[in-house]
Structure formats: structure tokens, C-alpha cells
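Show me how the following folds:
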Amino acid sequence: MNKFDRQSHYPAASQSLPEEIAAELPAIPPQVQAIEDAPSLAPPVPLTPAEVRTILMSLLLTMFLAALDQTIVATALPTIGREFQDVTNLSWVITAYLLASTAVAPVFGTLCDIYGRRSMIVTALSLFVVGSVMCALAPSMPVLIVARGLQGLGGGGIMPVVQTVISDVVSPRERGQYQAYFSGVWLLAGLLGPVIGGFFADHLHWSMIFWINVPLAVAALALLLPKMGRLPVYHRLRKVDWAGGLLLMASAVVFMLVLTWGGHKLAWLSPTILAMVGSAVALGLGFVWHSKRADEPFLPLPLMGGTVVPYGLMASGCALGALIGLTVHLPLYYELVYHLTPSEAGLGLIPIAAISTFGAAIAGRTMARVKHYKRVAIVGTLIGTVAAAVMTVTTPSLWVLMALLSVFGIGLGTAFPISVVSLQNAVDRSQIGTITGAMNFFRSMMSSFTVAAFSAILLMVLGADISLAEGAHGAVSGIAEADMIHAFRFVYAAATAMLACASICMMLMEERPLAGPSRNEPVEMAE
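Numbering: from 1, shown residues only. Coordinates of the predicted model:
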């Protein structure tokens, strides 16, 4: 008899367990796995290169929709204000979209991990299209503002969902290259948006800036949905912590209103602003308190810790904040110091906005080839920091400033693909949507904070009521050129500090190996 033979000649059904074992059985909790959480019996069939291209093209088109809508509306605002005879509330057309899109970014990211990518991309695009149609048909300014908020709900969901789908399609090592393509889409939308918006407003009708979204969204869905069934499934159906999500969104909306109104509509130390700050803090603390006690919190707080996530979030937020902060304020500097026209000042933003895309492309391609991929972002952000420091201590000519801004843009651009891929690579597959939504949320908050901070710096140094919407006219037209140069030294210094912070965070962030094929064997970068 060997060890695999039965040790008793009695039938198994007639034997009973010892009493001590039988008494313990009812106390053992049953371990039952939900069928939707069970692993697939067969591995998913890899996507063909043609299918990957189709999915990426549809994602690029989807991203273009969200990016275009943030720039195409601006040039049509005067026409909209004249038609509705309401200029007072015109800023809410931009603010409503910004508030809604920022608040829902973490919501869509988390729901991607619960209900899946397909349902969330359909939901985001549907909200965006419905909001666009309502904007085009709006009979009054209040209706337009509400419709813009609805459109913002969809637009804010597009970014995290698209980035999450990319993580399902390509490996972490290859992902950085595609992040650079999406940076190019933002650049293209930023350049075409004002031109298209102005053309529609002048030669057709302002509603066309919203109608154009409908065929583009339909085309994106027609390309994407047939291929979505081929994607691997990583989401896990679970209970949604709606209370935590509402607390987080409410805190974000109030904080964004503080940054939007503070220093412009209301004084920073006014009772209303102070009360709103207190409310935002209270709602944020309530979110933290609730998350610690929830069984499955909306945004797990432990996910925000570790040796990768906090540093990746801070590096990405600081880099984008410095980019947006300078992009918003540089036209004012160009017009007053170099006496450029508004259109020329807009072209002057190309070095910082466009060249940053090349930095992202360099970092993305480097990730696919080298082992220590993090070093390209460290070197890039350090070079950008030096360029910003030179702008702080010198008063360069226009062309030298353009060159310095180009170097600054390339440097900060390297931080974007490295941070995105590092964050997604540091969490479980079932949490990629959550961390991607949190990253987009933190980026938006940092961008809004930086714009408000740079405006506050100029306001304190110049001692004037600056209205960025007026450009070099109105209240700022009487500011001396030397005073503006002096004030912008502090703005450049703040940008230098932010990019230096991004570089330090990249140094501190753990560099984990990336899965996926490399075109060559991983090589060591020069020490």
C-alpha cells in the first residue's frame, strides 16, 4: 500500500469526523469568490497591431474632443455675451465647465475600476454630447451655464478613462510613447481651438463650436466600441462609496471657487472667502474621516501613500502647474514689456506649450529603451529649473526669452509620461482607474492653485487690480515696463521653485521595473 491508497476499507460515506473537528467546521467562514471576480479560464487573445492602432486613433479623437472644448469657447465669448445681452455672467461659461470637469475626474477613475472602461467611456461621451447639444440650443445665459456644467461632467471623465484604457492596451514600458502622442493632441487642440472658435463666431454662428462635438464623438465611439470587447477585463464590481465621492467633489468645488474668486471678485481675506476656505477644509476632513471608516472607500487613503504615488502626484502636479501658470500670465508680460499685439502674444506661447510635447516624446521613447527610465525626467526637470532661474535673474531679449522658454518646456515635458506610467505601474490592475483619476484631479487642482498664486504675486508686487481678461488695457495699461519686469521676476522664481520641487520628487520616487518588451535590451544611462 502506498500513500495514495485509501487507509480504511470502510466506505467514505459511512465514516464520521472526529468530534473536535466537527465542532470547528461551523465556525470556519466560507470563502466564496464572486463569479465576476474569478480569473478567466483562458488568457485573453493579444490584440493585433491593427486593432491597437484603431483603439488608439479613437482614443486620440476622444481626447481631442475634451482638449478642444477648453480652448474653442474662449474666442466666441464676446459674441455669446452680445447675443444674450449678458456680460456679467459670461465668465461662468468657462468656470462651470472647469468646476465640473475637475470635480468628476476621480469619480470616473474609480468607477472605471468598478463598472469597467466600456461603460464609463460611453457615459462620459454621452454626457459630453448631451451637454454640447444643450449648449448649442441654449436660449439664455443661465441655460448655457447649466449646459456647460453638464458638458464638463463628461469632459472631465474623458481624460482619466482614456488614460486607463491605454493602460489596458499597451504595456507599461511602451505606454510612455503613447502618452507623448496624447500630449501632442493637447497641443494641437490648444493651437486650433481659438482659430476654429473665432472662425465659427465670425462667419457662421457661435453654436457651431458645440455642434462640432456631435459628429466627432459619434466617430470616436464607432471606432472604439467594436474593439472594446477585445480588451482584457481588470475591473472588479463592488459597492460604490457614494458618500465619500460626494464629500470629495464638494470639497473640490468649493476650493476651486475660492481660487477662481479670490483676489478678483472678492478679497482674499473677505468673510465670504474665509468661510468658503473653512467649508472646503471641513469637507476635506470629512472625506478623510469617512474613508478611514468605510469598508471599501471611494478613494482608498493607503493608495495615496508608499514610495511612488505621493512623489509621482507631486511631480506631475508641479510640472503642469508651472506650465499652466506661465501660459496664462505670459501674454500680459509680452504685451506690456515687448509691446506685442494680442495675436503675437498668443504665438509667443508656442515655445512653452508646443516644445513641452517634445520633452514628453523624448521621455516616452526613452522609457522603452533604458532600464533607469526615471533619470531622463530628473535631468529634464533640472535643466528646466536652470532655464527658469536664468529668466528670474536676467532681463533677456524676446528671442532669448523664447529660447529659455523652449528649454523650460522640454524639461518639464519629460515629467508627464514618467509620472503617469510610474503611478499606473505602482498599483494593482484593479486600481489603475482610481489612481489615474486621482492624478488628473490633483493636476487640475495644482493648475488652478498656481494660476491663482501667480496672479496674487503680481497683485502684491504691482499693487494694482490686474484683470487678465483685459490684457494690456484698462487697469494695467498704466503700469510701467520696469515694474512689470520686476514683478515677473517673482513669477519666474515661483516657477523655478515648482520645477525644482518636481525634480526632487522624481529623485525620491522609487523606480520600479516596467513590464513589457523593449526595442533593445535595457541599457544603462550614463552616470
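
Secondary structure element holding the most centrally placed residue in the chain?
Nearest residue to the geometric centre of the chain (C-alpha atoms, centre = their mean): residue 440, 2.8 Å. Using DSSP states H and E, residue 440 sits in helix 432-462.

got the angle between the following helix or strand past that helix and helix 432-462?
Later in the chain than helix 432-462, the nearest helix or strand by DSSP H and E is helix 481-508. Relative orientation of helix 481-508 and helix 432-462, computed by axes from the mean of the first three to the mean of the last three C-alpha atoms, to 10 degrees: 150 degrees.

Could you give the average pLDDT over helix 481-508?
The average pLDDT within helix 481-508 is 92.

ok, back up a step: the residue nearest to the residue nearest to the centre of the chain when sequence neighbours are not counted and residue 200: what is the separation?
Nearest residue to residue 440 in three dimensions, chain neighbours excluded: residue 105, at 4.2 Å (C-beta to C-beta, 6 or more residues apart in numbering). C-beta here means a position set from N, CA and C on the backbone, and glycine is covered the same way. As judged by C-beta to C-beta, to the nearest Å, residue 105 and residue 200 stand 28 Å apart.

who's more crowded, those two?
residue 105 (29 against 21; other C-beta atoms under 10 Å).

how near is the more buried one to residue 209?
For residue 105, the distance to residue 209 - C-beta to C-beta - is 23 Å.

For the residue nearest to residue 440, give me its contacts.
156-157, 159-160, 437, 440-441, 444 (C-beta atoms under 8 Å, 6 or more residues apart in numbering).

Output those as JSON lines; include the columns pLDDT and distance to residue 321.
Shown next, in JSON lines, are the contacts of residue 105 (pLDDT from 0 to 100; distance: C-beta to C-beta, whole Å):
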{"residue": "156", "pLDDT": "86", "distance to residue 321": "18"}
{"residue": "157", "pLDDT": "86", "distance to residue 321": "22"}
{"residue": "159", "pLDDT": "85", "distance to residue 321": "16"}
{"residue": "160", "pLDDT": "86", "distance to residue 321": "18"}
{"residue": "437", "pLDDT": "87", "distance to residue 321": "18"}
{"residue": "440", "pLDDT": "86", "distance to residue 321": "13"}
{"residue": "441", "pLDDT": "88", "distance to residue 321": "13"}
{"residue": "444", "pLDDT": "86", "distance to residue 321": "10"}
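
farthest pair in those residues?
Between any two of these, the greatest separation by C-beta to C-beta is 12.7 Å, found for 157 and 444.

returning to what we had before: confidence score at the residue nearest to residue 440?
We have a pLDDT of 86 for residue 105.

pretty sure it belongs to a helix, no?
Yes. The assignment for residue 105 is a helix, going by DSSP: H, G, I helix; E, B strand; the rest coil.

follow-up on the earlier one: can you select the buried ones from the contacts of residue 105 in PyMOL?
The PyMOL command for the buried members of the contacts of residue 105 (criterion: 16 or more other C-beta atoms under 10 Å) is given here:
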select buried, resi 156+157+159+160+437+440+441+444
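
ok, of the contacts of residue 105, which one's closest to residue 62?
residue 159 (9.4 Å).

How about that closest one, nearest residue that isn't a chain neighbour?
Closest to residue 159 by C-beta to C-beta, 6+ apart is residue 440, at 5.2 Å.

what's the distance between that neighbour and residue 432?
From residue 440 to residue 432 the distance is 13 Å (C-beta to C-beta).

So, low pLDDT: which residues of the protein?
For the chain, residues meeting the criterion pLDDT under 70 lie at 1-47, 180, 230, 232-235, 464-478, 515-527.

Would you mind giving the domain segments of it?
48-223, 241-297, 304-518 (automatic domain parsing).

of all the ones you listed, which lies closest to residue 231?
Closest to residue 231 of the domains of the chain is domain 48-223 (C-beta to C-beta; 5.0 Å).

Return the alpha-carbon coordinates of the one helix or strand residue 421 maps to using CSV.
Assigned by DSSP H and E, residue 421 falls within helix 415-425. In CSV, the C-alpha atoms belonging to helix 415-425 read as follows (Å, rounded to 0.1, in the frame of the first residue of the first chain):
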residue,chain,number,x,y,z
ALA,A,415,7.9,64.7,-16.2
PHE,A,416,4.5,63.9,-17.7
PRO,A,417,4.9,60.4,-19.2
ILE,A,418,7.3,59.3,-16.5
SER,A,419,4.8,60.2,-13.7
VAL,A,420,1.8,58.7,-15.4
VAL,A,421,3.4,55.4,-16.2
SER,A,422,5.1,55.2,-12.8
LEU,A,423,1.8,55.8,-11.0
GLN,A,424,-0.1,53.2,-13.0
ASN,A,425,2.8,50.7,-12.7
